[in-house]
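Visitor: I'll drop the sequence and a predicted model, then ask my questions.
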Amino acid sequence: MTTRPPITQLGLDTGKKARLHRILFEHGLRNGTALFLPYDQGLEHGPRDFFANPAATDPSYIMRLAREGEFNGIAIQIGLAEKFYWDYAGEIPLILKLNGKTDIPSDAEALSPVHATVEDAVRLGADAVGYTLYVGTPVQDRDFAQYRVIRADAQRLGMPLIVWAYPRGSAIEAKGGKDSFYAVDYAARAASELGADVVKVNFPHPEQRTGVKPEYDVDVASQAAIDAVVRSAGRTLVLVSGGTRAGDDAMLDKARQTMDAGGTGLIFGRNVWQRGHDESLRFVDRLKDVLAKYPS
């Protein structure tokens, strides 16, 4: 098991440390773990993600759900932050997503364009910013260049930087796929080396081994795989995504393995808000029961 590093050992300036402390110890369970509610899927996937629960089309419904579920934060794009967050400012930490793309073009040369700034995040009262970094695409040089500007602005303004580290592109698909142990492990390490304060990754699938590097072409248990991913992130805190909606038992097992590995928490969107209101909150309580066992 990898021990989760305390925020006092992350090399943070006072602004970043103060904001991360607010997120981890003044909201949610207030025990150093985190449960975030992402709601950037309208841009990333289109309105089809709301068909399972039409109420989720309304950002105000999601904001209320985040408050009622006592999440550590909500991750949204700038348009929703400007139109809907003001009702809940100060009650729910805001993670402002600074880039995003539609689901219409192929992921072969995926790039998530920047459409907001760290200054926007400060103006809106955010406690962190989010950036989607596509690791392994043919255009990663452009991705790294726009990311460098965001990282510098976050450092200058004392804003924690959460990186959605997503392997993408034809080269990734030829090496096990975007959720393979190889790809997720690489993405976590890349985000750490590029200066992320927190990295969001998908749960690794070590059984996806076609074309992977020889070191990853071995039998590995899922717990050992997520252990390795957290180790690769070093002193970058790790959040694991819920991904596409799946069964409750599978999601709770993923949560337990993440926390056993030394992860900081979970960022579950569709697995929460694609349910009805009361069912969503019951599932959130079950996730919190897991997190409560791993205080800092």
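Guide: Noted; the coordinates are in hand.
Visitor: how about the secondary structure of residue 183?
Guide: helix (DSSP: H, G, I helix; E, B strand; the rest coil).
Visitor: what's the neighbour count on residue 280?
Guide: Neighbour count of residue 280, defined by other C-beta atoms under 10 Å: 21. (C-beta placed from N, C-alpha, C; glycine too.)
Visitor: make that residue 17, sorry
Guide: 17.
Visitor: hang on, it in a helix?
Guide: Yes - judged by three-state DSSP, residue 17 forms part of a helix.
Visitor: and it, how far from residue 23?
Guide: To residue 23, residue 17 is 11 Å away according to C-beta to C-beta, to the nearest Å.
Visitor: also residue 202?
Guide: 21 Å.
Visitor: residue 287 now?
Guide: 16 Å.
Visitor: same deal with residue 64?
Guide: Counting by C-beta to C-beta, the gap from residue 64 to residue 23 is 20 Å.
Visitor: more neighbours: which of those two?
Guide: Between residue 64 and residue 23, counted using other C-beta under 10 Å, residue 23 has the larger neighbour count: 23 against 15.
Visitor: so what's that one up against?
Guide: 34, 72, 73, 93, 127, 128, 160 (C-beta atoms under 8 Å, 6 or more residues apart in numbering).
Visitor: what's the single longest helix in this structure?
Guide: Looking across the chain with DSSP state H, the single longest helix is helix 140-157.
Visitor: got the CA positions of the helix or strand that comes right after that one in CSV?
Guide: Per DSSP states H and E, the first helix or strand lying C-terminal to helix 140-157 is strand 161-167. Only the C-alpha atoms of strand 161-167 are listed here, as CSV (Å, rounded to 0.1, in the frame of the first residue of the first chain):
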residue,chain,number,x,y,z
LEU,A,161,-4.3,22.3,-10.6
ILE,A,162,-6.2,19.0,-11.1
VAL,A,163,-5.2,17.2,-14.3
TRP,A,164,-7.7,14.8,-16.1
ALA,A,165,-4.9,12.6,-17.4
TYR,A,166,-6.5,10.6,-20.3
PRO,A,167,-4.5,8.4,-22.7
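Visitor: the helix or strand that strand 161-167 is followed by: how far from the chain's middle?
Guide: Following strand 161-167 in sequence order, the next helix or strand is helix 170-173 (DSSP H and E). Relative to the centre of its chain, helix 170-173 is centred 22 Å away, using C-alpha atoms, centre = their mean, to the nearest Å.
Visitor: mind listing what's buried along helix 170-173?
Guide: 172, 173 (16 or more other C-beta atoms under 10 Å).
Visitor: average pLDDT across that helix?
Guide: For helix 170-173, mean pLDDT is 94.
Visitor: for it, packing partners?
Guide: Using 3 or more C-beta pairs under 8 Å, 6 or more residues apart in numbering; DSSP states H and E as the contact definition, helix 170-173 packs against no other helix or strand.
Visitor: how about stretch 127-143: buried residues?
Guide: So stretch 127-143, judged by 16+ other C-beta under 10 Å, has buried residues 127-137, 140, 143.
Visitor: residue ranges of the helices in the stretch 51-200 of the chain, please?
Guide: 59-68, 78-84, 118-124, 140-157, 170-173, 181-193 (DSSP state H, counting those that start in this stretch).
Visitor: dump the fifth one to CSV, restricted to CA.
Guide: It refers to helix 170-173. What follows is helix 170-173, C-alpha atoms only, in CSV (Å, rounded to 0.1, in the frame of the first residue of the first chain):
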residue,chain,number,x,y,z
SER,A,170,-4.2,5.6,-32.3
ALA,A,171,-0.9,4.8,-30.7
ILE,A,172,-2.6,4.2,-27.3
GLU,A,173,-5.3,2.0,-29.0
